[in-house]
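Enquirer: got a predicted model here, sequence first, then my questions.
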Amino acid sequence: MGTVWIAWATSAGQEPVTIRAQCFHFEGDRAAVQAQTVAEALKGMLAQVRAHPE
């Protein structure tokens, strides 16, 4: 329980899309897992923006 896959995709103009996926194992009830999922997804999005600031 609490296994979640999150994927992030980036593309700059005509470049091919780059996809990164990661598996997470969260603890807690459904609401806790959902909250942790949102937090990790946003952290991943922020990392993508920082890596590709165009």
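Expert: Cool, the structure landed. Numbering: from 1, shown residues only.
Enquirer: would you map the strands across the chain?
Expert: 3-10, 18-25 (DSSP state E).
Enquirer: elements contacting the first one?
Expert: Pointing back at strand 3-10 there. strand 18-25, helix 30-51 (3 or more Cβ pairs under 8 Å, 6 or more residues apart in numbering; DSSP states H and E). For the C-beta atoms, the positions are set from N, CA and C on the backbone; glycine is no exception.
Enquirer: in JSON lines: the ones you listed, plus mean neighbour count and mean pLDDT.
Expert: Below are these laid out as JSON lines (neighbours: other Cβ atoms under 10 Å; pLDDT from 0 to 100):
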{"stretch": "strand 18-25", "mean neighbour count": "11", "mean pLDDT": "94"}
{"stretch": "helix 30-51", "mean neighbour count": "12", "mean pLDDT": "94"}
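Enquirer: nearest to Gly2, out of these?
Expert: helix 30-51 (4.8 Å; Cβ to Cβ).
Enquirer: what's the closest one packed up against?
Expert: With contacts defined as 3+ Cβ pairs under 8 Å, 6+ apart, helix 30-51 has these neighbours: strand 3-10, strand 18-25.
Enquirer: contact partners of the first one?
Expert: Contacts with strand 3-10, where a contact means Cβ atoms under 8 Å, 6 or more residues apart in numbering, come from 17-26, 33, 36-37, 40-41, 44-45, 48, 51-52.
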